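Student: no FASTA, just this:
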């Protein structure tokens, strides 16, 4: 069986880009988005990585575990309404075949300004790219 191997230059460019993406968001929310999208994509490497990142930030194990499920199924006391809206928007962006649900973007827009909404889009897009690179090299 052949295993794909992307170039070191590509990975370095992704890492450098990753350092600049989503900076309009609080680091906690950015990691929550990364973890939720990684669960949707079934990327076990990224699930472990972002779970560890959230744990290192002091997040409760209940929250980390809850991010394996759709945000609509999370206990409301685990995340704020704004974080919930951001996660829902990221879910929609990740599960693209369903198409964008403008209501999800509009709900997130109640809690985040345009630049922050863009940061949610950036974060979801890049973690989805990372998930595909990682899954492609499994």
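Tutor: The structure has been received and is ready for your questions. Note that the structure is predicted; figures quoted are calculated from it, not measured.

Student: Show me what the helix or strand of the chain with the lowest mean pLDDT is packed up against.
Tutor: In the chain, no helix or strand scores lower on mean pLDDT, DSSP states H and E than helix 102-109, which sits at a mean of 91. Packing contacts for helix 102-109, counted by 3 or more C-beta pairs under 8 Å, 6 or more residues apart in numbering; DSSP states H and E, involve helix 81-94, helix 114-136. In this view, the C-beta of every residue, glycine as well, is placed from N, C-alpha and C.

Student: Out of the ones you listed, which one sits most buried?
Tutor: Of the helices and strands packed on helix 102-109, the one with the most neighbours on average (mean count of other C-beta atoms under 10 Å) is helix 81-94, at a mean of 21.

Student: Give me the angle between that one and helix 114-136.
Tutor: Angle, helix 81-94 to helix 114-136, by axes from the mean of the first three to the mean of the last three C-alpha atoms, to 10 degrees: 50 degrees.

Student: Which strands and helices lie in contact with helix 81-94?
Tutor: Packing partners of helix 81-94 (3+ C-beta pairs under 8 Å, 6+ apart): helix 27-41, helix 102-109, helix 114-136.

Student: I'd like the ones you listed as a markdown table, with distance to residue 62 appended.
Tutor: What follows is those, written out as a markdown table (distance: least, C-beta to C-beta, whole Å):
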| stretch | distance to residue 62 |
| --- | --- |
| helix 27-41 | 13 |
| helix 102-109 | 23 |
| helix 114-136 | 22 |
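
Student: lowest-confidence stretch among those helices?
Tutor: Lowest mean pLDDT of the helices and strands packed on helix 81-94: helix 102-109, a mean of 91.
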